Each structure stands twice: as structure tokens, then as C-alpha cells.
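Student: fold the following and give me the result.
(one chain, ligands or ions: 1)
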Amino acid sequence: KILILDFGSQYTQLIARAVREANVYCEITPYHKPIVKDEFLKGIILSGSPFSVNDANAPFVDVELLTKSLPVLGICYGAQLTAKQLGGRVEKSEKREYGRATLRKKEDDVLLKDVSDVSQVWMSHADTILELPKGFELMAVTDSIPIAAFRANGSYDHPLYGLQFHPEVYHSTEGKKILKNFLMDICGCKGEWTPASFVNETVDALKKQIGNRKVIMALSGGVDSTVAATLIHRAIGKNLFGIFVDNGVLRKDEFQQVLDTYATIGLNVKGVDAREHFYTKLAGKSNPEEKRKIIGGTFIEVFDREAHTIEGVELLGQGTIYPDVIESVSVHGPSVTIKSHHNVGGLPDTMKLELVEPLRYLFKDEVRRVGAELGIPADLLNRHPFPGPGLAIRILGEITEEKVDLLQRADAIFINGLKEHNLYDKVWQAGAILLPVQSVGVMGDERTYEFTLALRAVTSVDGMTADWAHLPYEFLAHISNEIINKVRGINRVVYDISSKPPATIEWE
Ligand code: XMP
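Tutor: Have a look, this model is predicted:
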């Protein structure tokens, strides 16, 4: 295992992902948290930071102390902190250096093994290391900075390295190789952390945690809850009680399709048709926040009721993933913010259950790989994200069964069209939005006065920022035609060309 000490860099999660791509397990921890050493911990990486090491409130760790027990690699701020603390000089540079730079190797150290003599790296820093501490060796430069990579000489207990550039980002073309050298050759990691080993270890750990107790879990048809449930199922079989609620605002035929998939996987899941209950509660409500609260609250009610029909449940399974729980260092302070996230609207207060969260340390793409290892069908693993409040936040204004039906049919034409034209996997998320706007049209000789439908498709990495997908005009024309001809009640289709920010992905 590798520990990444976070100093608040926007790239810290990328370091973690790069380490894991090398099949080495790692965790991110705020730099000021005490380090718990165990036999599995093999090395430490210090992240970048928006701070300058010369700031009065610059985040600090004792690098010399760290090297007493483990190899250390400092990246950007981590490298500057190392250099300054051990006697070097770091100053604000005259030229800030952002973006591409050309790395020139000066020395063939094991960290730069197999790296080309000249390679492209990515820089993002305002300070520069001007002098190394005594006895440190220079390993590489770029055209604009004198010290781009360095190592300490043998006077420390363990190897100590610094890189001014960011090996973790995509544009550092040989960065992954450098990280891998650090992990394998310097820290002695074996690279044995794979989806298969994760499944084995997790199933063993779940068996230990759960024993012969019962676990209840809400499933949503999404990737995270399905993979989490499948792992728990592997560990305890029929003692996992899954519940999948039809809240009336799922996609067309989704309830049955998802239940069928669960049956194929062998999960013990009860489908609960609560459509009427949700429609009654939603009747007459048009405020987006109110709709969200009603869906969340009603869900808990239904789930709670179902849970009480199963005797002696002690644990609650959840599909929480790593980005939901990473403690990150805030740039406004250095204080700590913790995001807590409940996919299904939070825990019922009345149920004091122990949590089972087998995906708590995985990134989304790792969840997909574990899912594939578990034999979960690819179409489920590659599904677009779908919001908990479902179509309720894609029907602007009041929700009625008729509107749900209209939107379900139009949305299905759009989504199936994307799949048929091999566009589904090229966009990050797509869906249709029913607007509370009627307009005049003409069909045959008849005047129509019907609803407007907006199509939304975006490209994104994590949903935090997004661009509208540049779908082919011919495709949009085809879908528009299909919808207007087949869905009576919609006579106009528009395409949303807003990015996030300033817009959001969903309209409510
Ligand atoms: P926005 O609209 O904020 O959406 O740009 C970003 C991502 O989050 C999803 N989303 C939700 N997911 N409950 C959820 O589980 C919600 O209330 C919710 N609101 C938005 C949205 O679909 C997109 O993927």
C-alpha cells in the first residue's frame, strides 16, 4: 500500500488513480493526519498544493522524519517542501510555468529508468527550486527551470525523490512509467492489486464482518449498488435482502429489465411497486427542491416498511464509492471538508443499522472493472448515470402519470437511438426533458398545440463539469422526427447546447 499525503492539489486524485493503474493499492489522507504504519505500507507520495512553501501558513510535514521509515516521493509542492526543509532554496519564479515542458534527463537513476532522454511533462507551478540541499543530486531539467527532478544522497534512511512536474497527468507522456518505477523498484510494491484480488479479499472481509447476520440493501439498477450487492451476495448468499422500488419515475420498462438482470446475476431482490404512493405524494408539486424531498422522504418510508417485514436485519449495504468519502484538504483554509453522500436519500433515522460498504475505497472505473470480474453484464456496467429523483426532475413543473408516460416514451426513443447509432458510449449522460411549454404545430391539415421536449447529452469525466455533446445533425434530425411522429403530445423537439458551468446537467 502507498499513502498519498494531500496538500490540496487538484491533481491528488489523479495520483491515486495512476498508482492504482499500476495495480498498487493506495489511499489519500490529509497531510496533517497521523500516519498509521502497518506491514503493508511501502511508501509515501507528497502531493502538489495551491500554497507556496514560503507562505506563512504553508502546510507542513516533517519529510526527514518520514524518510526514517519509508521511501518518499514529493510531487510539485511536495518536492519544493522537501527541498526547502532540508536546506535548499525555493523562490517565486519570474515566469510562472504552466502546461507543456520538455524534460531533459541528466542522470540515469532508477526513478527515470526507461524514460527517454527528452520527454514531455506537464507543469503547474509558480515557485521554483533554485538550489538543492547539500549532497542532493540533480536528475533532470527543463528549458526554463534548473531543477525538475532530484534525489537525496544516501544520508537518509530511505530513498527520497522530488519531481517539479506532475507525472500523474495524462500530458506527462512518460509520467506513469516514472510512478511505476517509484512503486515497484523503489518501494518494492508487487503490483498484485487487481480486480480479481480485490474480489477475493473483499469477499473474505465481508464474511468476517457479517458472519451469519442479515443485510438489507436498496438497489437502484445503477452500477455502484449492483456491484456492491453482488460482492455481498458472494459473501453471504441469501442473507442479503435487496429491495428495488418502482417510484413511478424510472425510465420506460426499467423496473422489469433491472429485476430480470438481478435474477440473472442470482441476487435476491424484491421489486416493490410503489408508483401510486409516489404519484399521490407528488401531486400538485412543482418546486424542484420540494419534489426531490418528497421522492427522498417517500423512498425512506417505503424502504423502512419493507425492511420491517424481514426479521432480524442488523446491517445495511450501500454502494458508497471513494470520491464520496475522500477527505480532501480545502484550499480555503487548510481545513478539512468531508463529503458525505447517500445515493438513495439518506438513512432512515429509525433504523440504526451497521453499514456495509464494500466499494468505499474504489473509484468509479475500478467499480466497473470489479463488476466485469464478477460477471455483471456490460450493458449494466456501462449505463449512464441516472439521478435518484429520476424523471421527476426531468418533468419541469407538475408531475402527472400522463406526463411520465410521454417522457418515458420520448426518452426511450432517444436512448435507444444513441445505442443503435453507436453514440451511447461516446456521451457521458443523456436524457430527455419535458418542458411545461406548449406551442403550435401542424400535422397533416390539423393544428396541434402540444408540449416541447428538450434533448440533453453531455460529455464529462465526473459530472462536475460537462460540455454538451456535439451529436451529428443527421442523428438529431432522425430522433426529432421519430419522437414527433410517434409520441402524441409532443410536437417540438429542441437540443440543449449549454455547458456546465454555468448550466447544470439536469434542468432541475
Ligand atoms: P447536475 O444537474 O448537478 O448533475 O449538473 C450532476 C450529476 O448528478 C446527477 N444528479 C443527481 N443524482 N440525486 C442523484 O442521485 C440527485 O438528486 C441528483 N441531481 C443530479 C445528475 O444526473 C448528473 O449525473
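
Student: alpha carbons only for contacts and neighbour counts from here, please
Tutor: Noted.

Student: so for stretch 429-446, what's the average pLDDT?
Tutor: Over the span of stretch 429-446, the pLDDT mean works out to 96.

Student: for the nearest residue to T320 once chain neighbours are set aside, what are its contacts?
Tutor: If you skip the residues right next to it in sequence, T320 has R360 as its closest partner in space, 5.5 Å away by Cα to Cα, 6 or more residues apart in numbering. By Cα atoms under 8 Å, 6 or more residues apart in numbering, the contact list for R360 reads 319-322, 325.

Student: quickly list what L160 is bridged to.
Tutor: With DSSP bridges as the criterion, L160 is bridged to V72.

Student: mind listing what it touches?
Tutor: 67, 71-73, 151-152.

Student: check E314 too.
Tutor: 213-215, 353-354.

Student: quick revisit: of the contacts of L160, buried ones?
Tutor: 67, 71-73, 151-152 (16 or more other Cα atoms under 10 Å).

Student: now, the most widely separated pair of those?
Tutor: Pairwise distances across the buried ones among the contacts of L160 (Cα to Cα) peak at 12.3 Å, for the pair T67 and R151.

Student: so what's in contact with these two at the same time?
Tutor: What both T67 and R151 touch, as defined by Cα under 8 Å, 6+ apart, is the set 159-160.

Student: circling back: any idea which of the buried ones among the contacts of L160 is closest to the ligand?
Tutor: Lowest distance from the ligand to the buried ones among the contacts of L160 (Cα to the nearest ligand atom) belongs to L73, with 34.5 Å.

Student: how about that closest one, what does it touch?
Tutor: Counting by Cα under 8 Å, 6+ apart, L73 makes contact with 44-46, 79, 160-163, 182.

Student: P167 - how many residues pack around it?
Tutor: Burial of P167 is recorded as 24 neighbouring residues (other Cα atoms under 10 Å).

Student: so it sits against I178, correct?
Tutor: Yes - counting by Cα atoms under 8 Å, I178 is a contact partner of P167 at 7.0 Å.

Student: end-to-end on stretch 480-497?
Tutor: For stretch 480-497, the separation between the terminal residues is 15 Å (Cα to Cα, to the nearest Å).

Student: near the ligand, which residues of the stretch 301-450 of the chain are found?
Tutor: Proximity of the stretch 301-450 of the chain to the ligand, by Cα under 6 Å from any ligand atom, involves residues 343, 385-389.

Student: save those as TSV, and put in neighbour count too.
Tutor: Formatted as TSV, those follow (neighbours: other Cα atoms under 10 Å):
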residue	neighbour count
N343	18
P385	12
F386	17
P387	16
G388	21
P389	21
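
Student: which of these sits closest to L112?
Tutor: Checking those against L112 by Cα to Cα gives P385 as the nearest, at 39.6 Å.

Student: my read: the closest one touches G222, true?
Tutor: Yes - using Cα under 8 Å, P385 is in contact with G222, at 7.4 Å.

Student: list the buried residues of stretch 26-42.
Tutor: 26-32, 41-42.

Student: report the two of those residues separated the most.
Tutor: Among the buried residues of stretch 26-42, the pair separated by the greatest distance (Cα to Cα) is H32 and K42, at 19.2 Å.

Student: now the contacts of L160 in CSV, with pLDDT and distance to the ligand?
Tutor: Below are those laid out as CSV (pLDDT from 0 to 100; distance: Cα to the nearest ligand atom, whole Å):
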residue, pLDDT, distance to the ligand
T67, 97, 41
P71, 98, 39
V72, 98, 36
L73, 98, 35
R151, 97, 42
A152, 96, 45
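
Student: which SS state does the residue nearest to T320 fall under?
Tutor: coil (DSSP: H, G, I helix; E, B strand; the rest coil).

Student: what's the answer for K281, then?
Tutor: Per three-state DSSP, the secondary structure class of K281 is helix.

Student: could you report the neighbour count for it?
Tutor: Neighbours of K281 using other Cα under 10 Å come to 14.

Student: so what's it up against?
Tutor: Listed by Cα under 8 Å, 6+ apart, the contact set of K281 reads 294, 298.

Student: do you know how far it is from Q408?
Tutor: 20 Å.

Student: which residues of this structure score low on pLDDT?
Tutor: Residue ranges of the chain with pLDDT under 70: 328, 330-351.

Student: tell me the domain ranges of it?
Tutor: 2-186, 195-381, 400-495 (automatic domain parsing).

Student: all strands of the stretch 1-150 of the chain, in order?
Tutor: 2-6, 26-30, 43-46, 72-75, 89-105, 118-131, 137-142, 149-151 (DSSP state E, counting those that start in this stretch).

Student: thank you kindly, that will do.
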